[in-house]
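**Q** Fold the following for me, if possible:
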Amino acid sequence: MVEEVLKNIFVIKVPLPNNPLKNLNSYFIKGTGRNLLIDTGFNTKACYDALTSGLNKLNADMGNTDIFLTHLHSDHTGLSASIASDSTKIFIGETDRQILVNFFHSGYWNEVDEKYFALGLSREELAENESINPAHAYLPSENGKYTGIINGFEFDLGHYKLKCIETPGHTPGHICLYIEKEKILFSGDHIIFDITPNIISWDHSNDYLGLYIDSLNVIKKLDVKSAFSAHRKAIGDCHGRIDELICHHKDRIAEVEQILKDNAGATPYGIASQMTWSIRAKNWAEFPVTQKWFAVGEALAHLEHLRHKGKVNYKFENERYIYYMNFA
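**A** Have a look, this model is predicted:
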């Protein structure tokens, strides 16, 4: 489905079959010189057919179109190399670009598996997850040429000038696009109106949940009239949703803290199993393994936020990370 949401700005609904996100909103902006396509969908036939069908309906010429990827996840980057022409430039935040190029090395995913084993997943769960997790099952071609950009970079399309605003949290280098004159925001996965963006901890060095909340407050200071999200409902109330997301994570932090008080020495997997999730499963045992993987990453982000606040700490024992309250 293709819809013109503002003058010369179109949304192409790209379905994401068997995925709780349901769809990707890919945005095509017609410029006076070159055009810009924002995000692309998984590297699958279903996504390819939907995206190319939408582009054809718009008579889009990829020879005259560049691609901007809000962040490194495969539902955004997957088709970038497949639909790019020889003259297409593929832009992504430099921080995410550096991580994305590592995705093409098997050693990277082996390290990820070892990390999640240490967080509490079993070898059997990791083996099942390996072939079906969209994080690496639907990656773009490793032949893609990605141009890294930083905060403040601008796309001048003639009708519109889009400024890059770094919003780390969902990924380390997530970027939103802001059109100041028309007060338009393309929020990627930073702000989604129907569901809460997944926040994971990428390492123990940074507080990614804290970064995400800080980034929400950066966007909250902007004058936004029209906000366009990457999933589900395309258009929503930017500032109202920011307040909801901050409140959600405040409640989530309190929940994790209480679970840990009652379960000293728990792994992030153990904490995640007791958290409240909006998913169609009777209990933790019935969670699809990929959703467990994402849930454990999110539990870790909240634990690490509390650790950076000095409230909790962890130990590495018997090949597992175990967390406990810091009462000192």
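
**Q** which residues in the chain form helices?
**A** 45-57, 74-77, 80-83, 94-102, 106-118, 123-132, 134-137, 208-220, 238-262, 268-272, 289-308 (DSSP state H).

**Q** and the ones you listed, which one's lowest on average pLDDT?
**A** Lowest mean pLDDT of these: helix 134-137, a mean of 86.

**Q** Give me the distance between residue 116 and residue 323.
**A** Taking Cβ to Cβ, to the nearest Å as the criterion, residue 116 is separated from residue 323 by 15 Å. In short, each C-beta sits where N, CA and C put it, glycine included.

**Q** The two: who's more crowded?
**A** Per other Cβ atoms under 10 Å, whichever of residue 116 and residue 323 has more neighbours is residue 323, with 26 against 21.

**Q** Next one, pLDDT for the more buried one please.
**A** pLDDT recorded at residue 323 is 96.

**Q** what about the residue lying closest to it once chain neighbours are set aside, neighbour count?
**A** Nearest residue to residue 323 in three dimensions, chain neighbours excluded: residue 314, at 4.7 Å (Cβ to Cβ, 6 or more residues apart in numbering). If you count neighbours by other Cβ under 10 Å, residue 314 ends up with 19.

**Q** Let me see the contact set for the nearest residue to residue 13 once chain neighbours are set aside.
**A** In this structure, residue 13 finds its nearest non-sequential neighbour in residue 1, 4.3 Å apart by Cβ to Cβ, 6+ apart. Going by Cβ atoms under 8 Å, 6 or more residues apart in numbering, residue 1 touches 12, 13, 54.

**Q** re the thing from before, what's the closest of the helices of the chain to residue 189?
**A** Closest approach to residue 189 among these is made by helix 74-77 (7.6 Å; Cβ to Cβ).

**Q** Now do that closest one: which elements does it pack against?
**A** With contacts taken as 3 or more Cβ pairs under 8 Å, 6 or more residues apart in numbering; DSSP states H and E, helix 74-77 sits against helix 134-137.

**Q** what separates the helix it packs on from the chain centre, distance-wise?
**A** Helix 134-137 has its C-alpha centroid displaced from the chain centroid by 13 Å (Cα atoms, centre = their mean, to the nearest Å).

**Q** contacting residues around that helix?
**A** With contact meaning Cβ under 8 Å, 6+ apart, helix 134-137 is reached by 19, 42, 73, 74, 75, 103, 109, 130, 131, 290.

**Q** for stretch 195-207, same thing?
**A** Residues from elsewhere that reach stretch 195-207 (Cβ under 8 Å, 6+ apart): 20-21, 169-172, 189-191, 208-209, 212, 231-232, 245, 248-249, 278, 294, 297-298, 300-301, 303-305, 308.

**Q** Show the buried residues in the residues you listed.
**A** Applying 16 or more other Cβ atoms under 10 Å to those, the neighbour count classes 20-21, 169-172, 189-191, 208-209, 212, 231-232, 245, 249, 294, 297-298, 300-301, 303-305, 308 as buried.

**Q** related to what we said a few turns ago, kindly present the contacts of helix 134-137 as a markdown table, with separate columns for distance to residue 33 and neighbour count.
**A** A markdown table is the format used below for the contacts of helix 134-137 (distance: Cβ to Cβ, whole Å; neighbours: other Cβ atoms under 10 Å):
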| residue | distance to residue 33 | neighbour count |
| --- | --- | --- |
| 19 | 35 | 15 |
| 42 | 30 | 28 |
| 73 | 29 | 26 |
| 74 | 30 | 23 |
| 75 | 29 | 26 |
| 103 | 32 | 17 |
| 109 | 40 | 16 |
| 130 | 44 | 15 |
| 131 | 43 | 8 |
| 290 | 41 | 18 |
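
**Q** In CSV, list those residues along with distance to residue 260.
**A** CSV is the format used below for the contacts of helix 134-137 (distance: Cβ to Cβ, whole Å):
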residue, distance to residue 260
19, 30
42, 35
73, 28
74, 32
75, 32
103, 32
109, 29
130, 29
131, 33
290, 25
